[in-house]
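Visitor: Sequence and predicted structure, then a few things I'm wondering about:
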Amino acid sequence: MSRPQRLIELLAALQARPRTTAEELAGELGVSTRTVLRDVRALVDAGIPVFTERGKYGGISLLPGDQADLSKLTTGEADLLRAVGLDLDRARQLGGEAAARSALRKLTSRRQPPPARDDLPLALTDVIAIDNRPWFEDDVPLIDVAGLVRDVRTAKRLRIVYRRSGAPSARESVVDPYGLVQRGGRWYLVADHDGRPRLFALTRLQRWVVLDEPRRLRAGADLAGTARELADALEGAGRAVVTARVDAGSLDLARRILGARIRTVGDAGEPGEDGRVEVTVAYGGIDGVRQLLQFGEHIEVVAPEAARRLVERLATGLARTHSETP
């Protein structure tokens, strides 16, 4: 793949995902990470809003918006950029300078001539800060994640010691690992346990041992497909859907905490006469309604009746506990 073509493929890859890394892009494009970083610099120098951040939570991002949207290019403009990349001199030699300038204007949203040298805009790093750490997250893996990756690459079975959510103690299990996935700032081991796919949060994985047995994966299954299957099952239909009314002033907080669990927000977020907004929230079971207790008096669970009764029992128990002198 030539460099001009690679620049367009790089831009397409950045447009397709909210954040990635130089290592991931290098593997996808078949080049070194150093080459990817040079190509990213070329995009930045051309005025395309690519942002890089160093560190554990760092990565490469294309700022959201209609800027740098490849779909805005005509077929001729796209073909020309694949041939010359961002090099206007080469485009001029091929008689395509006008088309190249038109393409770059579309990708950089420049409707005015470039500013004079003494009137350059501020650098992206001066006006954009990206922090990919999840909110209120102090629950980090205590294990050696890199060491786990190394052992998963042996394609052997693992004996793990893992504490399931809500369980008082850890249990030992033998699993067949696909690999690791990061979702919402958290790392998970994706593995089959007794022939069924599971997600194991690394924050609750205490230790593991590599067994001298090859892993036994389900036929045709791989890491990406299994991770997607588990995510779809977690977020999919057929789950307990709880209807609640939330104080309008707490709606933004509810969106931040509940995230994709919120299925609908009534009346476009406009409060009713009681100052509340109706929302529906999806859980794996009615017991998930416990999460809503943190909103205290700012929320009322309306339906189903089983969820409302559960909140009543939990609230009664809390009131009884806190009415007693410790």
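Guide: Okay, I see it. Numbers count the residues shown, from 1 in each chain.

Visitor: From now on I want contacts and neighbour counts done on CA atoms only, so please keep to that.
Guide: OK.

Visitor: Can you list the buried residues in the helix ranked longest in the chain?
Guide: Identified as the longest helix of the chain according to DSSP state H is helix 305-323. By 16 or more other C-alpha atoms under 10 Å, the buried positions in helix 305-323 come out as Ala307, Arg308, Leu310, Val311.

Visitor: Tyr188: which of the residues you listed is nearest?
Guide: Of all the buried residues of helix 305-323, the one sitting nearest Tyr188 is Ala307; the distance, using C-alpha to C-alpha, is 29.5 Å.

Visitor: before we move on, what SS does Gly47 have?
Guide: coil (DSSP: H, G, I helix; E, B strand; the rest coil).

Visitor: Can you get me a residue count around it?
Guide: 18 (other C-alpha atoms under 10 Å).

Visitor: where do the helices sit along the stretch 201-326 of the chain?
Guide: Taking DSSP state H, counting those that start in this stretch, the helices of the stretch 201-326 of the chain run over residues 223-235, 251-258, 305-323.

Visitor: Can I get these in TSV including mean pLDDT?
Guide: Supplementary listing: the helices of the stretch 201-326 of the chain in TSV, determined by pLDDT from 0 to 100:
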stretch	mean pLDDT
helix 223-235	82
helix 251-258	85
helix 305-323	90
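
Visitor: Output those helices in TSV, with distance to Tyr283 appended to each entry.
Guide: Formatted as TSV, the helices of the stretch 201-326 of the chain follow (distance: least, C-alpha to C-alpha, whole Å):
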stretch	distance to Tyr283
helix 223-235	8
helix 251-258	10
helix 305-323	11
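
Visitor: Which one, of the ones you listed, ends up nearest to Glu23?
Guide: helix 223-235 (17.1 Å).

Visitor: right, and Asp222 touches Tyr178 too?
Guide: Yes - with contact defined as C-alpha atoms under 8 Å, Asp222 counts as touching Tyr178 (6.5 Å).

Visitor: Looking at those two, which one has more neighbours?
Guide: Tyr178 (25 against 15).

Visitor: That one reaches Val190, doesn't it?
Guide: Yes - between Tyr178 and Val190 there is a contact under C-alpha under 8 Å: 5.6 Å.

Visitor: Which residues are in contact with each of the two?
Guide: Leu223 (C-alpha atoms under 8 Å, 6 or more residues apart in numbering).

Visitor: Tell me the first helix or strand C-terminal of the helix or strand of the chain with the lowest mean pLDDT.
Guide: One helix or strand of the chain scores below all others by mean pLDDT, DSSP states H and E: helix 124-127, with a mean of 58. On the C-terminal side of helix 124-127, the closest following helix or strand by DSSP states H and E is helix 145-152.

Visitor: residues in contact with the very next helix or strand once past that next one?
Guide: Where DSSP H and E defines the elements, the next helix or strand beyond helix 145-152 is strand 156-162. Strand 156-162 has contacts (C-alpha under 8 Å, 6+ apart) with 170-177, 200, 204-216.

Visitor: one step back: reformat the buried residues of helix 305-323 as JSON lines; add distance to Pro326.
Guide: Shown next, in JSON lines, are the buried residues of helix 305-323 (distance: C-alpha to C-alpha, whole Å):
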{"residue": "Ala307", "distance to Pro326": "30"}
{"residue": "Arg308", "distance to Pro326": "29"}
{"residue": "Leu310", "distance to Pro326": "25"}
{"residue": "Val311", "distance to Pro326": "24"}
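
Visitor: now, the most widely separated pair of those?
Guide: Ala307 and Val311 (6.3 Å).

Visitor: Now list whatever residues contact both of the two.
Guide: Val289, Val301.

Visitor: Check which residues of stretch 34-41 are buried.
Guide: For stretch 34-41, by 16+ other C-alpha under 10 Å, it's Val36, Leu37, Asp39, Val40, Arg41.

Visitor: Straight-line length of stretch 211-219, end to end?
Guide: End-to-end distance of stretch 211-219 (C-alpha to C-alpha, to the nearest Å): 21 Å.

Visitor: need the strands for the stretch 151-300 of the chain, in chain order.
Guide: Taking DSSP state E, counting those that start in this stretch, the strands of the stretch 151-300 of the chain run over residues 156-162, 171-183, 186-193, 196-201, 205-214, 240-247, 262-265, 276-283, 299-303.

Visitor: if we can go back for a sec, nearest to Asp194, out of the helices of the stretch 201-326 of the chain?
Guide: helix 223-235 (14.9 Å).

Visitor: which helices and strands sit right next to that closest one?
Guide: The helices and strands touching helix 223-235, judged by 3 or more C-alpha pairs under 8 Å, 6 or more residues apart in numbering; DSSP states H and E, are strand 171-183, strand 186-193, strand 196-201.
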